[in-house]
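> fold the following for me, if possible:
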Amino acid sequence: MAVKLKQMIKNKLEEDKTLANKLAKLAGFANATPIYKFLNEENREMNDFESLLTIVRELFHNEEYKLMDEYLRQVDPNKKTARIGLEYATINHMYDLKKYLIEAMESCNNKESKEFAYFYKMDDIASKENDKDVLLGFIDKYIEYAPKTKEMMLFSKLCQIYVYYDLRLIDIMYQLLMTVENKIDEITDLFLKKSYKKRIALLFSGILLHKGEIEKSREYAKYVIENQRENEEFSMIYMKLGNSYMFEDFDKAKIYLEKGLSQAKEKYLVKKNIERSLNFLCNYWGYKPEYLNFNSNEVEDLHEVIFFFINQNEKEKAKELLSNIDLNRLTEHQKGFHYYLIYKIDNDVNHLYESLISFKKCGEHFYKNIALIELKKLGLDDNLLKALSI
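Below is the predicted model of the structure:
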């Protein structure tokens with residue numbers, strides 16, 4: 001089991017007799033005994049995943065993902081390493097490894113491992129779903145399962161928050177995330193705790209932005225960046241930072257979004273969302289977007305194509321595309337943008353009020369600025385604008 005990784009570490013220790021104690025110190029051990037036990041006992045797994053990762057990163061910095069992929073496919077799915085490895089595979093977008101671990105843990109005998117597999121699998125499926133009614137059904141699945149482990153009690157709530165995020169139900173997300181943050185210290189595994197803390201900070205950054213608390217949003221984003229590992233990438237956090245400057249500073253927003261895009265690489269969903277943010281940024285400031293998808297039927301992509309046609313003064317094309325979107329199937333968040341685009345076509349101020357109402361219903365305080373800024377241009381009284389912004 002895990003012969004290759006263990007042998008590679010052994011080889012390094014044989015080359016340098018002082019290395020074991022150095023690694024023990026880095027990994028947080030009092031002495032090198034846990035390292036030697038791990039290396040010399042065939043089925044032994046290191047109790048602390050964080051310590052193993054520290055050793056691998058110290059010795060094989062450029063080979064980490066390849067070695068950890070190989071190693072995690074060989075561990076016992078009934079044991080802790082496989083469960084923590086599932087989070088490692090998830091945050092590093094190692095999709096094949098994640099699928100492998102889920103299938104192995106679904107088939108094992110350990111109840112904790114089965115529980116981990118269930119929630120990570122459901123989260124994976126939900127992340128690819130667009131239909132709002134189907135998404136709401138995942139909330140029921142998460143609650144009905146009633147997890148027993150502290151880790152999955154917390155993670156199942158994170159899963160619910162991700163669904164509410166997709167639906168842009170901001171106030172519900174915020175309340176649920178507050179309860180999750182208060183429970184994080186119940187997680188005893190260091191790697192899992194650190195990873196979940198960064199998940200929570202990433203969510204808070206997004207949620208606080210939607211609530212209009214821009215500076216607090218940026219503080220959480222900076223926490224994630226400051227707590228990155230040397231070789232860790234957080235394309236999503238740069239998207240949050242970029243979005244926070246959407247109405248304030250085109251150049252700064254674009255720099256952060258493009259940094260996020262450069263890190264997204266093969267992370268399809270993240271890449272798509274950043275490209276959508278860049279499209280909206282360019283459309284809003286009157287520049288030609290680079291990532292328009294004219295073949296997509298997803299509402300977010302259609303809205304950006306429509307916005308582009310409006311800016312090109314091709315309002316008939318824009319109007320035709322808008323008329324093909326079923327308003328009843330949109331979330332309130334999507335409706336907020338939808339009504340704004342209708343206003344951009346017909347200049348009927350009532351559509352700006354409809355946009356505000358939709359954003360208000362889902363607790364969206366940041367993007368309702370698109371309607372408020374237009375109302376200010378129309379000369380609406382400052383006191384009335386202030387009242388509408390609450």
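
> doesn't M122 make contact with K141?
Yes: if you go by C-beta atoms under 8 Å, K141 and M122 touch, sitting 5.9 Å apart. For glycine as for every other residue, the C-beta is placed from the backbone atoms N, C-alpha and C.

> biggest helix in the chain by residues?
If you go by DSSP state H, the chain has its longest helix at helix 190-210.

> buried ones in that helix?
Neighbour-count burial for helix 190-210, counted by 16 or more other C-beta atoms under 10 Å, picks out 191-193, 195-210.

> which stretches of the protein aren't confidently modelled?
Applying pLDDT under 70 to the chain flags the ranges 1-3, 229-233.

> spell out for me which residue occupies the centre of it.
Centroid-nearest residue in the chain: M236, 6.0 Å away (criterion: C-alpha atoms, centre = their mean).

> where's that one, which helix or strand?
Using DSSP states H and E, M236 sits in helix 235-244.

> the inter-axis angle of that helix versus helix 190-210?
Interaxial angle of helix 235-244 relative to helix 190-210 (axes from the mean of the first three to the mean of the last three C-alpha atoms, to 10 degrees): 20 degrees.

> centre of the chain to helix 235-244, how far?
Chain-centre distance of helix 235-244: 11 Å, with C-alpha atoms, centre = their mean, to the nearest Å.

> can I get it in CSV, CA atoms only?
Output of helix 235-244 as CSV, limited to C-alpha atoms (Å, rounded to 0.1, in the frame of the first residue of the first chain):
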residue,chain,number,x,y,z
SER,A,235,-9.5,31.8,-8.5
MET,A,236,-13.0,32.3,-6.9
ILE,A,237,-11.7,34.8,-4.3
TYR,A,238,-10.2,36.9,-7.0
MET,A,239,-13.6,36.8,-8.7
LYS,A,240,-15.2,38.1,-5.4
LEU,A,241,-12.7,40.9,-5.2
GLY,A,242,-13.1,41.8,-8.8
ASN,A,243,-16.9,41.9,-8.5
SER,A,244,-16.6,44.1,-5.4
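
> what is it packed up against?
helix 190-210, helix 214-226, helix 250-264, helix 268-285 (3 or more C-beta pairs under 8 Å, 6 or more residues apart in numbering; DSSP states H and E).

> those into a markdown table, with extra columns for distance to E129?
Formatted as a markdown table, the helices and strands packed on helix 235-244 follow (distance: least, C-beta to C-beta, whole Å):
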| stretch | distance to E129 |
| --- | --- |
| helix 190-210 | 18 |
| helix 214-226 | 25 |
| helix 250-264 | 20 |
| helix 268-285 | 11 |
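
> of those helices, which is nearest E320?
Among the helices and strands packed on helix 235-244, helix 268-285 comes nearest to E320, with 17.9 Å by C-beta to C-beta.

> check which helices and strands that closest one sits against.
helix 235-244, helix 250-264, helix 299-311.

> residues in contact with Y145?
By C-beta atoms under 8 Å, 6 or more residues apart in numbering, the contact set of Y145 is E115, Y118, F119, S156.

> isn't the first one right next to K150, touching?
No: if you go by C-beta under 8 Å, E115 and K150 don't touch, sitting 11.0 Å apart.

> which one's more surrounded, these two?
Counted by other C-beta atoms under 10 Å, E115 and K150 do not tie: E115 has more neighbours, with 21 against 12.

> need the phi and psi values for the residue nearest to H338 when sequence neighbours are not counted.
Ranked by C-beta to C-beta, 6 or more residues apart in numbering and with sequence neighbours excluded, the top spatial neighbour of H338 is L330, at 6.1 Å. Main-chain dihedrals, L330, degrees, to the nearest 10: phi -90, psi 150.

> with Y164 instead?
phi -60, psi -30.

> spit out the contact partners of it.
I139, I172, M173, L176.

> with adjacent residues omitted, what lies nearest to the third one?
With C-beta to C-beta, 6+ apart as the criterion, M173 has its nearest non-adjacent residue at 4.4 Å, and that residue is Y164.

> I'd like the distance from the one you found to M46, if you could.
36 Å (C-beta to C-beta, to the nearest Å).

> next: G363.
44 Å.

> go on, I373?
55 Å.

> and those two? Which one has more around it.
M46 (20 against 14).

> show me what contacts that one?
Taking C-beta under 8 Å, 6+ apart as the test, what M46 contacts is P34, F38, L52, T81.

> neighbour count added to those residues, as TSV?
Listed next are these as TSV, based on neighbours: other C-beta atoms under 10 Å:
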residue	neighbour count
P34	18
F38	19
L52	23
T81	21
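
> export these to JSON lines and tack on secondary structure?
What follows is the contacts of M46, written out as JSON lines (DSSP: H, G, I helix; E, B strand; the rest coil):
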{"residue": "P34", "secondary structure": "helix"}
{"residue": "F38", "secondary structure": "helix"}
{"residue": "L52", "secondary structure": "helix"}
{"residue": "T81", "secondary structure": "helix"}
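
> what's the closest of those residues to K252?
For the contacts of M46, the nearest to K252 is L52 (39.2 Å; C-beta to C-beta).

> ok, the closest one - contacts?
Contacts of L52 by C-beta under 8 Å, 6+ apart are A27, F38, M46, T81.

> wait, the residue nearest to H338 sits on G336?
No: at 9.3 Å, L330 does not count as touching G336 under the criterion of C-beta under 8 Å.

> ok, the two, which is more surrounded?
Set L330 next to G336 and count neighbours by other C-beta under 10 Å: G336 wins out with 25 against 17.
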